[in-house]
Structure formats: structure tokens, C-alpha cells
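Predicted model, plus sequence, below.
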2 protein chains.
Amino acid sequence: MVEELPLAQRPLAELPLDSIIMQDCVSAMRALPAKSVDMIFADPPYNLQLGGDLSRPDGSHVDAVTDDWDKFDSLAAYDKFTREWLTEARRILKDDGAIWVIGSYHNIFKVGSAIQDLGYWILNDVVWRKSNPMPNFKGTRFTNAHETLIWASMGEKARYTFNYRSMKTLNDELQMRSDWEFPVCGGQERLKRGGVKVHPTQKPEALIYRILLACTKPGDVVLDPFFGTGTTGAVAKRLGRRWIGIEREADYCSAAIERIEAALPLDESALKTMQSPKAAPRVAFGTIVENGMLVAGAVLTDAKRRYRVTVRADGSVMSGDTTGSIHKLGSVLQGAPACNGWTFWHYETPEGLKPIDDLRQTYLLATQI
Amino acid sequence: MVEELPLAQRPLAELPLDSIIMQDCVSAMRALPAKSVDMIFADPPYNLQLGGDLSRPDGSHVDAVTDDWDKFDSLAAYDKFTREWLTEARRILKDDGAIWVIGSYHNIFKVGSAIQDLGYWILNDVVWRKSNPMPNFKGTRFTNAHETLIWASMGEKARYTFNYRSMKTLNDELQMRSDWEFPVCGGQERLKRGGVKVHPTQKPEALIYRILLACTKPGDVVLDPFFGTGTTGAVAKRLGRRWIGIEREADYCSAAIERIEAALPLDESALKTMQSPKAAPRVAFGTIVENGMLVAGAVLTDAKRRYRVTVRADGSVMSGDTTGSIHKLGSVLQGAPACNGWTFWHYETPEGLKPIDDLRQTYLLATQI
DNA sequence: ATTTTTCCTGAATCGGCAA
DNA sequence: GTTGCCGATTCAGGAAAAA
């Protein structure tokens, strides 16, 4: 007779994959098996503690985060809450798993301090620089133009996943730095119901995309204990990762389900939804993929269709078992010392082949001026 | 007979201005009078916890921070140390003073958490983006390309200095954001003795310059409890601020003294231009009427001609049976909590509508000088 | 249909002073 | 401590409206 396996060895199949647990974050995590997920991405309440109303110089009203879920009785209460969920997160993570947490100065120091105290090992802090932050209307402080993310492994000696090459390719053959620029979530990407935003703090997909691409492998299980409207689930689906969401609010859950079901390989409409840095004069091919202008799996050929490569999620391309940047594959396949991949490679359109440089131009036009 | 003043009221003259206290940070601070300094800038040990030696891909050796002053027995010991010096800092600061602390992910979460626990009120966290960071030689993480600064006042309701106009001017007439880009300290600025850098973590003067310019007034006293080679002193001198340094190591002290003596203060005129345009003398709207620049009975409208009021002889304005100041009517008619009547209300000219603020400027030009 | 202008909004710990 | 008045204060980008 087969004995019941101890909790820590329960098979992964018992995880409620690709679904939302509509429940309180901590109690839902307690029901999950130990050492069972590869990554946790968490966007916990920030505990903003806002004062009175705020108006813009033109008199219009600022729509602030006033939801109950962001209210805590005290700093100590927030600290306690933070340590509770981080403790459960640690139990659920595999030994070679990792955690990402995003926050602002209101809460990130409490989060980071708890992460260190609980035995996690911080690998990087990453800064999300907002290209279009809300200004400081009263002129009393610096424009709060960034948020902070913490990436930590299970311990000083623990292993973790980091797809170094993917990041370097995504960043046009330069090491990816700890400061990332993205616009805030708006436009078509922002979920709305009756013209009103569904969630006050929806995160941009491009941000989660980069995190999952950097720190998970295809098929990995990603848990988001503060699922909200399911950005993590939508990106995970897009990138071929499994996901589990925990979310208390029924409204957010229904919006998330609808959204993730609709998530598809991106089409042209995505161009409008996820704009990206406008500063960089250089555009990495990875940025084109990250923004959905080309999807992973797309096939590129040269103008005469003699060579063909397949686009991968990190902005590299592949031919047989050779992989590399668009420039490298162009030179290798031709046997040439160098190649400008932007003009060499083409993609199929209803009007025929077009150089991928057109996409770069479109991207630049959309993001510059 | 005059009784000895309590510690909290000791005259400022007792502060060891523009000098270095060569002593342990906490004990030196204990000897300073309470509520006596305007700002503290602190660059405490980062508690880096480095493993073995690190080499570059070319085999060369990376000169890491291995000094004793950066070693702590445990995370708890670092935490205790942090709370000790932050507590003393709080005692020494004036009620309307402020503190800046710089750190990396190794220590900044502990620092920020302690700052919040001790009753300081965080105003911003600021990211120093390094334009030329050291790469991640092993390709195991993101390039650690930034450090974090925390700016905090003495409490939620405490006042603090922020030279908004100076920052906006410095940033090409756009609000200064919370992410600042500077190169790391090198070249001529980097202090060396016999070709060897004197201090492993010397900060760029441009960074301190911006902080002092933003958050102190000329003549303010700035204390740096981890003085090192005296960047804070050199910048304070240049900007016409007073400084106090605390530094344990004699080598750093001598280098700092030499450096600060060589630093040239900006002359007064240069300082003036960087200060905010000293709040222009206030002009009552009534003065404009009194001088005939607008006559009683004149009609003012907003830029879109949605609202209109009539000017009265005493400088009040009227709409229907509502009367009051230009500001009050602006807010009442719009239903807004506040309104700057000078920019909201316009008067008719042959060239079209013009804000009445133009009249104020004309009046100021005519009466000043 | 195309270009120009206006409008709207985003995790925000967002006054100072005198009576 | 409270109230009330004076008057200082916004950037980027997408979408809708107007020309």
C-alpha cells in the first residue's frame, strides 16, 4: 500500500495550475504544497497612507488609491502582514526558486528588510523608471518617478534561474542593467469597465514580461499572491509558463479570467498597448518582440528567401541549432564577417516581404515625438 | 545670575563648524547639542558581505571594498548599529531638519526600515543611476547600475526645506525626478595617494551638490557622520553652507582637510542666481485697481470665458451676489478647493484675453528697480 | 479623411501663516 | 489645536473632439 507522501513531496500535479484562488492571500498560500513553485511575483499593497484630497493645478481631482485593501492600522501591522505572507511564500517556493516583489518607498524598505530577515538572499534591486509618471502637483518634493523591485533567491548558497543571454540579447548585446524604463499602464492595455479603471494599480505587461523572461524557464510555475487583474497570468500564458493567482476581490478575479482567456499571441494592436522607452536612440530587436510587434515563433527570411530564422521570445533568432542575434545569424548563415540584421531580415506581410527595419522605424515613430 | 541653558537650547556657536571630529560616529554625535543641525547627509558602511575575490574576464583583479569598517558580525549587528546612529542623528537634527542616507540593496532596506520605525517621515527615495557602472563580470545577475538614497523629514507634519525652483531650473524647466544620472567618481575628482585611491567608495561631488542645493539654505549646517574623504565638506564649502564631519580614520581625515582647503567657494552672486527667485513681494489685487491698471466695473473672465466677475473699487470681485477675493471667486465658481486668481482670471485687450498676472508683473517692474 | 487642438489621467504619504 | 484666507502648483501620452 502506498503511503501518503509528506507535504513537501506532493506532486506538482496537485497545484491548481492556470487558475485563480479567490481567497485571502495568506490562507490560500497555506493550502499550497511546500517547495512546489518556481517563482513568486508579488505586488502587495503599498500602505500609502494618503492625506486629504489632492488637486491638480488646473483644479481637477486626482484619483488616488483609496481602496480598503491598502489600509493598515499601523506601520507595525503592515510589517506583520508582510512577514506573514513572505514566510508562506518561502515555504511554497522550491529550493532553487526565486521571489520578485515590487513596491514604492512607502513599503519597499519594510519588504526588503523582512526578506533579508527571513533568510532570502537579495540578488538585485531593480528600478522601474516611469517614462510618464504623475508629476508632483504641489511642487513640494521630487517627482516620484520610479518604483523598486527586489529579486531574491532562497538563500546565500541557493541556485536560481537567470537567463543571462536572453537579457543581453534583449538589451542589444549589452548587459541588462538594474534600471528599466517603461511607461505606466494606460491606453488599450489598461482594463476598464464602463470607462472606469478596474484596478487602481495595474502593472504594465512589459515589466512582468522581462521578469518572467529573465528568471523562469518555459513550463515553470509562477505564483502571484496579489493577482489583481491578472497581468502575471496573461504574460505567463504568452510566454508559455504556468501560473497560479491568488486574489480576494471577485471583481478583479472576473476581469482577470476574461483577460487571460483573451490573451493571444500579440497582433498589431499590441503596438499601441505597450509603448516603451523613448530615450534610447538605439533599438534592440528584443524591444520589438517585447512590444509584440513580432511574436516569438515568427519566421524571418532574407529578401530572396534563401535563408530563414525563427524569432525567439528574448529577441534572439534561431536556425537549426544555431542561435544568436539578428546580426550574428545573418553573418553566420551567409558566411560573411558581419551583417546588419535590421536590413537583411524580412517579415511576411499582406503586401509582401518587408525589412524588419520598418518595424524599428515604426517603433521609433511611435515612441519618439 | 544666568542659569546654564538646557542642552536643547545651547547656542549654535558651540558646534564645531567647518571641522572634522576624528572619532567613532555614535560617540561623536552624542557630544553634539540637540536640535542643532539643519541636515545630515550619511553614507554609512554598506555591509557588503562579499564572498571570495572577484576577477574580471581578462583575469585582472577587482579591487573590492574589504575594509574593516564594512564588516559586521551579522545582519542583526548591522541593524543595531544602524538604529544607534539614526537615533543620535534624530536627536541632533532641528525640528525642521532633514536627513539623506545613501546605500545599496545590501543595506538600504535596513536603513529605510529603521528610518520609518524611528519616526522620520520619508519624503522621497531617489535613485542614483550610474552612467558607467561596473559590469557584472560573472553574468549571473543584472548589472548593479544604481544606488538608492532616502530623504526624510523629522516627522509626518514636520517642515523641511525644498528649493523647488532651483531643482526645476537645474532640470531645464521640468520638475526634478526621483532618478538622477551621474557617472561614478573617477578621473581628476578621485582622490589618490601614490596612484592608489584613498577611499574605496568616494561619492561624486555632483550628487552631493544636488542634494545640498535642493534641501539646504545658504549658511545651513550640514553634518556628515561618515565623512570619509570629505565630499560633503568640499561641496558645502562651495555652496556657502557650514559643515561638520565625523570620521574615525586618520588617513581619510587628512585627505579630507587637504581637499576642503583647496575647494573654492562660489561667490555670493553665483549662489544667488541658483536660489529660487525670492518670492516676489506680494501685490494685492486692490493695488492694481488703486493704480488704475484696471478700473472698478471692469469684467474679468477665465481663459475660456466660462466664468465672469466684475471688479469692485476695493479690489474684491463680484459674481451675482457672491463677492470675495480673486482667488476665492475662482475657487467658488469652479467648485474647486483652491484657485490662483492671478493666473485664472483674464482681462480683455486689443490682442485678446490676457491673465491679470501680467498686470502684476508690469506693476512689479514699474515699482522695483 | 486628415490634421490640429483639447481633454483626460497615472500607487501621491503634495502649504503657510495669522488670528 | 483650529479655522480661514492667500496664492503657489503639472508631465507625458493616448484618446476624443474639433477644424
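Thanks, I have it.

what about the stretch 151-300 of chain A, any weak spots by pLDDT?
A:264-282 (pLDDT under 70).

switch to 50 and redo it
The stretch 151-300 of chain A contains residues with pLDDT under 50 at A:266-281.

A:I99: what's its closest spatial neighbour, skipping adjacent residues?
Spatial nearest neighbour of A:I99, excluding adjacent residues (C-beta to C-beta, 6 or more residues apart in numbering or on different chains): A:I40 at 4.6 Å. Where you see a C-beta, it was placed from the backbone N, CA and C, and this is true even at glycine.

Torsion angles phi and psi at the one you found?
Dihedral angles of A:I40 (phi, psi; degrees, to the nearest 10) stand at phi -120, psi 130.

cool, A:I244 as well?
Torsion angles, degrees, to the nearest 10, at A:I244: phi -130, psi 130.

Excluding residues flanking it in the chain, which one is nearest it?
A:L223 (4.7 Å).

and if you look at A:L353?
Going by C-beta to C-beta, 6+ apart, A:L353 has A:H346 as its nearest residue, at 4.1 Å.

so that neighbour bridges to which residues?
Beta bridges link A:H346 to A:T301, A:P355 when assigned by DSSP bridges.

show me the contacts for it.
Contact partners of A:H346, counting by C-beta atoms under 8 Å, 6 or more residues apart in numbering or on different chains, are A:300-303, A:353-356.

measure it to DNA strand D for me?
Per C-beta to the nearest atom of the strand, to the nearest Å, A:H346 is found 26 Å from DNA strand D.

of all the residues in the stretch 201-350 of chain A, which ones are close to chain B?
A:A214 (C-beta under 8 Å from any C-beta of the partner chain).

same check, this time on the stretch 1-150 of chain A
A:53, A:55, A:57, A:59, A:75, A:104-106, A:108-113, A:115-117, A:122-127, A:129, A:133, A:135-136, A:139-146, A:148, A:150.

Do you have the helices of chain A handy? List them.
Secondary structure of chain A by DSSP state H: the helices cover A:25-30, A:75-92, A:108-117, A:164-170, A:205-215, A:231-238, A:250-262, A:269-273, A:285-290, A:326-334, A:341-344, A:357-367.

Close to DNA strand C: what parts of the stretch 1-150 of chain A are there?
Residues of the stretch 1-150 of chain A lying close to DNA strand C (C-beta under 7 Å from any atom of the strand) are A:43-54, A:56, A:60, A:62-65, A:70, A:104-106, A:132-141, A:144, A:147.

So how do I select the buried members of the residues you listed in ChimeraX?
Only the buried entries of those go into this ChimeraX selection, using 16 or more other C-beta atoms under 10 Å in any protein chain shown:
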select /A:43,44,45,46,47,48,70,104,105,106,133,136,141,144,147
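
List, out of the residues of the stretch 1-150 of chain A next to DNA strand C, those positioned next to DNA strand D.
Contacts with DNA strand D within those, counted by C-beta under 7 Å from any atom of the strand: A:56, A:132-139.

Mind putting these into a markdown table with pLDDT?
Shown next, in a markdown table, are these (pLDDT from 0 to 100):
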| residue | pLDDT |
| --- | --- |
| A:R56 | 92 |
| A:N132 | 96 |
| A:P133 | 98 |
| A:M134 | 98 |
| A:P135 | 98 |
| A:N136 | 97 |
| A:F137 | 96 |
| A:K138 | 96 |
| A:G139 | 96 |
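
which residues are contacting stretch A:353-365?
Here stretch A:353-365 makes contact (C-beta under 8 Å, 6+ apart) with A:271, A:276, A:283, A:285, A:287-288, A:291, A:293-294, A:300-301, A:303, A:305, A:326, A:341-347.

Report the buried members of the residues you listed.
For those, a burial check counting by 16+ other C-beta under 10 Å picks out A:271, A:276, A:283, A:285, A:287-288, A:291, A:293-294, A:300-301, A:326, A:341-342, A:344-347.
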